[in-house]
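> Quick one, what's the 3D model for this:
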Amino acid sequence: MTSFVPRSAEGWRDPFSMYADLRDNDPAHHVVDGNYWVLSRHADVIEAARDTETFSSAQGLTFTYDDLASVGLDEIAPMVFLDPPDHTEFRRLVARGFTPRQVTSIEPEVREFVASRIEALCASGGDDTRDIVAELLKPLPTMVVGHYLGVPVADRSSFDGWVEQIVGASATGNIFDAMETVAQVIEYFTALVETRRVSPGEDVISELVQAGDGAAVDPMRILGFAFTMMTGGNDTSTGMLSVGLELLSEQRDQWGLLVDQPDLIPNAVTELLRLSSPVQGLARTTTRDVDLHDKVIPAQTKVMLLYASANRDPRQFGPTAADLDVTRPAGPILTFGHGAHYCLGAAAARLMGRVVLEELTARCPDFSVDAQRGRFSAGHFVRWYESLPFDPYGHS
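Numbers count the residues shown, from 1 in each chain. Coordinates of the predicted model:
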């Protein structure tokens, strides 16, 4: 019987057979226990993501009703929970901090960080003690997020700890477990906002505070954006990188192509983004009745958009949709969403993926990871390894 069962932790080992069953047999699937719907085909997911008037983000992005109020985000109102036109105006301001120059300027720092961490992994002890997530794939996006938010280097150790606690609590839906940390973050960024009023830097907080059109940005919106960056820009990048290395470790012919032809790496990053789909799915709320596949999804109902299923849909990507092919022509992947809510951090995520692959091909061409001993993180929406044994010499 076709059904959607939310995955978490070890349940993330293989959700893909479930996705295929949904695509083939019940592409507009109603989950009675919880009263939400699930869309799994590429054409349906991309259309729903595009149609923000019908599929609204304002009631939260999980399949739980009243989820914003339950975690105290109804007042902060992060950008991801805004619909146009409010979303459009705030995104216009935020986008000033995500220019191509910003991405280019951080590459030397990213490369130095990645190279030093890989060297440390190569010089460390036995295979059982090397964890590429702990040493590289988790701290890297935290460093990048801190850079974009303008967190001074002297504060990065505190920031790293806050990110870890908040991401962990958000993943399991128990944000109350991190309320003390949330209070510290609010206090910190409230002070940082005031600092940036008199001493702006080249970061997103400064861009919002120093909005040049004279329109003051609500400080709560700035805090909401900081939380969005901390949660949305961290485990997602770790997921892309960790699952990507799992795929390349298993498909040695594909890895060999990258070692021999490094110019394929940018294209490979897109393919790994497609197959890893760290954000496996997010929900919207219908604003009207929706007719789809001979069914009616009622108004004011949660609808789960399965990005990961859409990214493996043979109807869009052909009969080899489930296979890794680093030479595959780029297609309309949904890893970063689509339309108004397309991820602002997409270029930064691609940068991290490219630099990690470039440094690994140069320094560890024989690397392997042990996915069977890897451990997936808890949480129903982001699929990522919280631990992944790594061998730079290919003995795993």
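
> Tell me who's in contact with the most centrally placed residue in the chain.
With distances taken as Cα atoms, centre = their mean, the residue of the chain nearest its centroid is Thr236 (2.7 Å). Thr236 makes contact with Pro141, Pro278, Val279, Ala349, Val382, Trp384, according to Cβ atoms under 8 Å, 6 or more residues apart in numbering. Using the backbone N, CA and C atoms, a C-beta is placed for each residue, glycine as well.

> Same question for Ile106.
Contacts of Ile106 (Cβ under 8 Å, 6+ apart): Val144, His147, Ala348, Leu351.

> pretty sure the first one is touching Val110, no?
Yes. Under the criterion of Cβ atoms under 8 Å, Val144 lies in contact with Val110, with a separation of 6.7 Å.

> With neighbour numbers in mind, choose between these two.
Using other Cβ atoms under 10 Å, the more surrounded residue of Val144 and Val110 is Val144, with 24 against 21.

> wait, is the more buried one part of a strand?
No. With DSSP: H, G, I helix; E, B strand; the rest coil as the criterion, Val144 is assigned helix and is not in a strand.

> Start the count at 54 instead of 1 going forward.
Understood, numbering begins at 54; the last thing we discussed is Val197.

> Quick one: residues contacting it.
Ile159, Val163, Gly286, Ser290, Ala401, Met405.

> Check Leu294 too.
Contacts of Leu294 (Cβ under 8 Å, 6+ apart): Leu190, Leu193, Met405, Gly406, Val409.

> you'd agree Val379 is up against Glu324?
Yes. Val379 is within contact range of Glu324, at 5.5 Å (criterion: Cβ under 8 Å).

> What segments of this protein are strands?
For the chain, the strands defined by DSSP state E cover 81-84, 89-92, 108-109, 335-339, 343-345, 348-350, 355-358, 421-422, 428-429, 438-440, 443-444.

> what packs against the longest one?
If contacts are counted by 3 or more Cβ pairs under 8 Å, 6 or more residues apart in numbering; DSSP states H and E, strand 335-339 sits against strand 108-109, strand 355-358.

> Quick one, which of those gets closest to Gly87.
Closest approach to Gly87 among those is made by strand 355-358 (7.9 Å; Cβ to Cβ).

> per-residue confidence averaged over the closest one?
Strand 355-358 shows a mean pLDDT of 98.

> mind putting the helices and strands packed on strand 335-339 in a markdown table, mean neighbour count and distance to Ile239 included?
Below are the helices and strands packed on strand 335-339 laid out as a markdown table (neighbours: other Cβ atoms under 10 Å; distance: least, Cβ to Cβ, whole Å):
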| stretch | mean neighbour count | distance to Ile239 |
| --- | --- | --- |
| strand 108-109 | 20 | 26 |
| strand 355-358 | 26 | 28 |
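
> Show me the one of those strands that comes nearest Gln155.
Per Cβ to Cβ, nearest to Gln155 of the helices and strands packed on strand 335-339: strand 355-358, 28.5 Å.

> neighbouring strands for that closest one, and are they parallel or not?
Paired strands of strand 355-358, with direction, are strand 89-92 (parallel), strand 335-339 (antiparallel) (DSSP bridges).

> and that strand, C-alpha only, in CSV?
Coordinates of each C-alpha in strand 355-358 appear next as CSV, following Å, rounded to 0.1, in the frame of the first residue of the first chain:
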residue,chain,number,x,y,z
LYS,A,355,-0.6,21.6,4.7
VAL,A,356,1.1,20.2,1.5
MET,A,357,4.5,18.6,1.7
LEU,A,358,6.7,19.4,-1.4
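
> now what about that strand, what contacts it?
For strand 355-358, contacts defined as Cβ under 8 Å, 6+ apart pick out 57, 84, 87-92, 98, 101-102, 108, 112, 115-118, 334-339, 343, 350.

> Give me the buried entries from these.
57, 84, 89-92, 98, 101-102, 108, 112, 115-118, 334-339, 343, 350 (16 or more other Cβ atoms under 10 Å).

> Just confirm Leu135 contacts Ser109, I think it does.
No. Judged on Cβ under 8 Å, Leu135 makes no contact with Ser109 at a distance of 9.8 Å.
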